[in-house]
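> From the sequence below, what's the structure:
(one chain, ligands or ions: 2)
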Amino acid sequence: SIKAVIFDMDGVISNTVHLHYHVNKKVADRLGISFSEEWNQKLQGLSRRATVQAIVDKSGLDLSDDEFEQCCETKNSHYIELINQLTDKDAKPGIRSFIEDLRGIGMTMVVASASQNASRVLSRLQLLDYFAGVVDVTKLTRGKPDPEIFLKAAEMVDVSPAECVAIEDGDAGLTGILQTEMFSVGVGSEPSLIRADLTLSQTEELTVEVLEKALNKQE
Ligand code: G6P
Ligand code: MG
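Numbering: from 1, shown residues only. Ligands and ions are numbered 1, 2, ... in the order given. This next block holds a predicted model:
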(Lines give C-alpha, C1' and ligand atoms only; values in the text may rest on other atoms or scores of the structure.)
(Ligands and ions follow the chains in the order given, each with its own letter.)
Protein backbone atom coordinates (compact mmCIF):
# COMPACT_ATOMS: atom_id res chain seq x y z
CA SER A 1 0.00 0.00 0.00
CA ILE A 2 0.99 3.61 -0.52
CA LYS A 3 2.69 5.31 2.43
CA ALA A 4 4.09 8.50 0.90
CA VAL A 5 3.38 10.96 -1.88
CA ILE A 6 6.36 12.73 -3.41
CA PHE A 7 5.69 16.02 -5.16
CA ASP A 8 7.58 17.97 -7.74
CA MET A 9 6.92 21.62 -6.89
CA ASP A 10 7.13 24.06 -9.86
CA GLY A 11 4.07 23.43 -12.02
CA VAL A 12 2.57 20.86 -9.63
CA ILE A 13 2.24 22.71 -6.32
CA SER A 14 3.27 26.24 -7.22
CA ASN A 15 2.15 28.28 -10.18
CA THR A 16 5.74 29.30 -10.92
CA VAL A 17 6.58 27.86 -14.37
CA HIS A 18 5.83 31.26 -15.94
CA LEU A 19 8.19 32.91 -13.43
CA HIS A 20 10.98 30.57 -14.48
CA TYR A 21 10.08 31.45 -18.08
CA HIS A 22 10.49 35.11 -17.28
CA VAL A 23 13.95 34.73 -15.73
CA ASN A 24 15.18 32.15 -18.24
CA LYS A 25 14.19 34.59 -20.96
CA LYS A 26 16.36 37.22 -19.31
CA VAL A 27 19.32 34.86 -19.67
CA ALA A 28 18.44 34.13 -23.31
CA ASP A 29 18.04 37.87 -24.02
CA ARG A 30 21.44 38.49 -22.54
CA LEU A 31 22.92 35.88 -24.88
CA GLY A 32 21.01 37.29 -27.84
CA ILE A 33 18.78 34.31 -28.56
CA SER A 34 15.03 33.87 -28.55
CA PHE A 35 13.18 31.95 -25.86
CA SER A 36 9.72 30.38 -25.84
CA GLU A 37 7.21 29.01 -23.34
CA GLU A 38 7.50 25.62 -25.08
CA TRP A 39 11.22 25.51 -24.57
CA ASN A 40 10.83 26.63 -20.96
CA GLN A 41 8.40 23.74 -20.44
CA LYS A 42 10.98 21.30 -21.81
CA LEU A 43 13.58 22.66 -19.37
CA GLN A 44 11.37 22.10 -16.32
CA GLY A 45 13.05 20.02 -13.64
CA LEU A 46 16.60 20.79 -14.67
CA SER A 47 18.80 22.49 -12.09
CA ARG A 48 19.57 26.19 -12.37
CA ARG A 49 23.03 25.47 -13.83
CA ALA A 50 21.75 22.83 -16.25
CA THR A 51 19.07 25.28 -17.41
CA VAL A 52 21.61 28.05 -18.03
CA GLN A 53 23.90 25.54 -19.74
CA ALA A 54 21.11 24.51 -22.13
CA ILE A 55 20.52 28.15 -23.08
CA VAL A 56 24.25 28.81 -23.49
CA ASP A 57 24.59 25.68 -25.67
CA LYS A 58 21.79 26.86 -27.94
CA SER A 59 23.41 30.30 -28.26
CA GLY A 60 26.61 28.74 -29.55
CA LEU A 61 28.57 31.27 -27.49
CA ASP A 62 31.73 30.31 -25.69
CA LEU A 63 31.24 31.87 -22.24
CA SER A 64 33.97 32.24 -19.64
CA ASP A 65 33.30 30.66 -16.22
CA ASP A 66 32.73 34.16 -14.93
CA GLU A 67 30.13 34.99 -17.55
CA PHE A 68 28.41 31.67 -16.92
CA GLU A 69 28.19 32.40 -13.18
CA GLN A 70 26.81 35.85 -13.96
CA CYS A 71 24.01 34.26 -16.01
CA CYS A 72 23.14 31.97 -13.08
CA GLU A 73 23.20 34.95 -10.75
CA THR A 74 20.96 37.02 -13.08
CA LYS A 75 18.46 34.17 -13.23
CA ASN A 76 18.35 33.70 -9.48
CA SER A 77 18.37 37.31 -8.31
CA HIS A 78 15.40 38.11 -10.53
CA TYR A 79 13.70 34.91 -9.51
CA ILE A 80 14.01 35.72 -5.80
CA GLU A 81 12.41 39.11 -6.41
CA LEU A 82 9.50 37.38 -8.12
CA ILE A 83 8.94 34.67 -5.54
CA ASN A 84 9.05 37.15 -2.70
CA GLN A 85 5.75 38.42 -4.09
CA LEU A 86 4.05 35.01 -4.06
CA THR A 87 1.02 34.50 -1.81
CA ASP A 88 -1.21 31.56 -0.93
CA LYS A 89 -3.14 32.38 -4.14
CA ASP A 90 -0.21 31.14 -6.19
CA ALA A 91 -0.74 27.47 -5.45
CA LYS A 92 -1.89 25.50 -8.52
CA PRO A 93 -5.68 25.04 -8.77
CA GLY A 94 -7.00 22.34 -6.47
CA ILE A 95 -3.63 21.48 -5.01
CA ARG A 96 -4.22 22.87 -1.53
CA SER A 97 -7.32 20.76 -1.02
CA PHE A 98 -5.55 17.71 -2.46
CA ILE A 99 -2.72 18.18 0.03
CA GLU A 100 -5.18 18.77 2.88
CA ASP A 101 -7.09 15.61 1.95
CA LEU A 102 -3.88 13.61 1.85
CA ARG A 103 -2.99 14.87 5.27
CA GLY A 104 -6.51 13.94 6.38
CA ILE A 105 -5.88 10.29 5.48
CA GLY A 106 -2.52 10.38 7.26
CA MET A 107 -0.35 10.37 4.13
CA THR A 108 3.30 11.39 4.45
CA MET A 109 4.30 14.02 1.87
CA VAL A 110 7.73 15.03 0.62
CA VAL A 111 8.88 17.60 -1.94
CA ALA A 112 11.42 16.58 -4.60
CA SER A 113 12.12 19.80 -6.48
CA ALA A 114 15.28 20.74 -8.36
CA SER A 115 14.79 24.29 -7.13
CA GLN A 116 17.09 25.58 -4.41
CA ASN A 117 14.27 27.99 -3.60
CA ALA A 118 11.70 25.26 -2.87
CA SER A 119 11.30 25.85 0.88
CA ARG A 120 10.98 29.59 0.33
CA VAL A 121 8.27 29.12 -2.31
CA LEU A 122 6.35 26.62 -0.16
CA SER A 123 6.44 28.93 2.80
CA ARG A 124 5.17 31.87 0.69
CA LEU A 125 2.29 29.59 -0.35
CA GLN A 126 1.72 28.61 3.28
CA LEU A 127 2.17 24.98 2.38
CA LEU A 128 5.55 24.16 3.88
CA ASP A 129 4.13 22.70 7.10
CA TYR A 130 2.28 19.92 5.29
CA PHE A 131 5.52 18.26 4.23
CA ALA A 132 7.64 15.85 6.23
CA GLY A 133 10.62 17.02 4.21
CA VAL A 134 12.02 18.90 1.23
CA VAL A 135 14.98 17.21 -0.46
CA ASP A 136 18.12 19.33 -0.24
CA VAL A 137 19.22 19.42 -3.87
CA THR A 138 22.62 20.84 -3.00
CA LYS A 139 23.43 17.44 -1.45
CA LEU A 140 22.57 15.40 -4.55
CA THR A 141 25.16 14.22 -7.04
CA ARG A 142 22.85 13.96 -10.04
CA GLY A 143 19.83 16.05 -11.02
CA LYS A 144 16.64 15.03 -12.83
CA PRO A 145 16.29 13.01 -15.11
CA ASP A 146 18.31 10.87 -12.71
CA PRO A 147 16.01 9.16 -10.16
CA GLU A 148 18.27 10.11 -7.22
CA ILE A 149 16.08 12.97 -5.95
CA PHE A 150 12.97 10.75 -5.77
CA LEU A 151 14.81 7.89 -4.08
CA LYS A 152 16.24 10.38 -1.60
CA ALA A 153 12.75 11.71 -0.87
CA ALA A 154 11.51 8.19 -0.07
CA GLU A 155 14.55 7.48 2.06
CA MET A 156 14.03 10.70 4.06
CA VAL A 157 10.71 9.38 5.35
CA ASP A 158 11.83 5.77 5.52
CA VAL A 159 9.38 4.47 2.92
CA SER A 160 10.33 2.03 0.16
CA PRO A 161 9.97 3.29 -3.44
CA ALA A 162 7.24 0.73 -4.20
CA GLU A 163 5.13 2.35 -1.47
CA CYS A 164 5.37 5.82 -3.01
CA VAL A 165 3.38 7.86 -5.49
CA ALA A 166 5.42 10.53 -7.27
CA ILE A 167 3.86 13.47 -9.13
CA GLU A 168 5.49 15.48 -11.93
CA ASP A 169 4.64 18.01 -14.61
CA GLY A 170 8.02 17.84 -16.34
CA ASP A 171 9.64 15.46 -18.79
CA ALA A 172 12.96 15.21 -16.91
CA GLY A 173 11.32 14.47 -13.57
CA LEU A 174 8.98 11.86 -14.97
CA THR A 175 11.91 10.15 -16.69
CA GLY A 176 13.48 9.88 -13.23
CA ILE A 177 10.35 8.46 -11.58
CA LEU A 178 9.96 5.87 -14.33
CA GLN A 179 13.32 4.41 -13.34
CA THR A 180 11.99 3.66 -9.83
CA GLU A 181 9.25 1.36 -8.54
CA MET A 182 7.08 4.36 -7.64
CA PHE A 183 3.58 4.83 -9.02
CA SER A 184 3.97 7.77 -11.38
CA VAL A 185 1.50 10.60 -11.92
CA GLY A 186 1.99 13.08 -14.75
CA VAL A 187 -0.04 16.27 -14.55
CA GLY A 188 -0.06 18.98 -17.20
CA SER A 189 0.18 19.58 -20.91
CA GLU A 190 3.62 18.14 -21.67
CA PRO A 191 2.97 15.37 -24.28
CA SER A 192 5.55 12.98 -22.79
CA LEU A 193 3.48 12.75 -19.60
CA ILE A 194 1.46 9.97 -21.22
CA ARG A 195 4.28 7.69 -20.08
CA ALA A 196 3.04 7.97 -16.48
CA ASP A 197 0.91 5.32 -14.73
CA LEU A 198 -1.74 8.03 -14.35
CA THR A 199 -1.85 11.12 -16.59
CA LEU A 200 -4.04 14.13 -15.86
CA SER A 201 -4.15 17.35 -17.84
CA GLN A 202 -4.69 19.72 -14.91
CA THR A 203 -3.97 19.83 -11.19
CA GLU A 204 -7.69 20.28 -10.44
CA GLU A 205 -8.22 16.68 -11.51
CA LEU A 206 -5.82 15.47 -8.87
CA THR A 207 -7.96 14.17 -6.00
CA VAL A 208 -7.52 11.38 -3.46
CA GLU A 209 -10.42 9.56 -5.10
CA VAL A 210 -8.90 9.69 -8.61
CA LEU A 211 -5.57 8.56 -7.22
CA GLU A 212 -7.09 5.67 -5.24
CA LYS A 213 -9.04 4.50 -8.29
CA ALA A 214 -5.90 4.47 -10.41
CA LEU A 215 -3.96 2.60 -7.72
CA ASN A 216 -6.69 -0.03 -7.38
CA LYS A 217 -6.75 -0.61 -11.12
CA GLN A 218 -3.02 -1.19 -11.06
CA GLU A 219 -3.30 -4.06 -8.52
C1 G6P B 1 12.96 23.48 -11.08
C2 G6P B 1 12.22 24.22 -12.16
C3 G6P B 1 13.21 24.81 -13.15
C4 G6P B 1 14.27 25.63 -12.43
C5 G6P B 1 14.99 24.76 -11.40
C6 G6P B 1 16.04 25.51 -10.60
O7 G6P B 1 13.48 22.32 -11.65
O8 G6P B 1 11.34 23.33 -12.83
O9 G6P B 1 12.50 25.61 -14.07
O10 G6P B 1 15.19 26.18 -13.35
O11 G6P B 1 14.02 24.24 -10.52
O12 G6P B 1 15.43 26.41 -9.71
P13 G6P B 1 16.24 27.40 -8.79
O14 G6P B 1 15.18 28.03 -7.94
O15 G6P B 1 17.21 26.60 -7.98
O16 G6P B 1 16.94 28.36 -9.68
MG1 MG C 1 7.84 20.86 -12.36
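> what does this structure put close to ligand 1?
10, 20, 43-48, 51, 76, 79, 113-117, 170 (CB under 6 Å from any ligand atom). Placement of C-beta: from N, CA and C, glycine included.
> Show me just the buried residues among these.
10, 20, 43-48, 51, 79, 113-115, 117, 170 (16 or more other CB atoms under 10 Å).
> Now do the contacts for Asp146.
Counting by CB atoms under 8 Å, 6 or more residues apart in numbering, Asp146 touches Gly176.
> buried stuff in stretch 210-219?
Quick answer for stretch 210-219 (16+ other CB under 10 Å): 211, 214.
> residues making contact with it?
Taking CB under 8 Å, 6+ apart as the rule, stretch 210-219 contacts 2, 165, 183, 185, 197-198, 200.
> In helices only, show me the residues of the chain next to ligand 1.
20, 43, 48, 51, 76, 79 (DSSP state H).
> The one residue in the chain that gets nearest to ligand 2: neighbouring residues, count only.
Nearest to ligand 2, among the residues of the chain, is Gly11, at 3.7 Å (CB to the ion). Neighbourhood size, Gly11 [other CB atoms under 10 Å]: 25.
> cool, and Ser36?
Ser36 has 11 nearby residues by other CB under 10 Å.
> residue boundaries of the strands in the protein?
Applying DSSP state E to the chain gives strands spanning 4-7, 108-111, 133-134, 164-168, 183-187, 198-200.
> which helices and strands does the second one pack with?
Under the contact criterion of 3 or more CB pairs under 8 Å, 6 or more residues apart in numbering; DSSP states H and E, the helices and strands touching strand 108-111 comprise strand 4-7, helix 95-104, strand 133-134, helix 148-156.
> Which stretch among those is buried most, on average?
Stretch with highest mean neighbour count among those: strand 4-7 (a mean of 26; mean count of other CB atoms under 10 Å).
> quick one: contacts of it?
13, 102, 107-113, 131-132, 150, 153-154, 157, 159, 163-167, 182.
> swap the cut-off to 6 Å and go again
Strand 4-7 is contacted from outside by 13, 102, 107-112, 150, 153, 157, 159, 164-167, using CB atoms under 6 Å, 6 or more residues apart in numbering.
> Pull out the buried members of those residues.
13, 102, 107-112, 150, 153, 157, 159, 164-167.
> And the nearest residue to Asn76 once chain neighbours are set aside, what's its pLDDT?
Nearest residue to Asn76, sequence neighbours excluded (CB to CB, 6 or more residues apart in numbering): Arg48, at 6.4 Å. Looking at Arg48, its pLDDT is 96.
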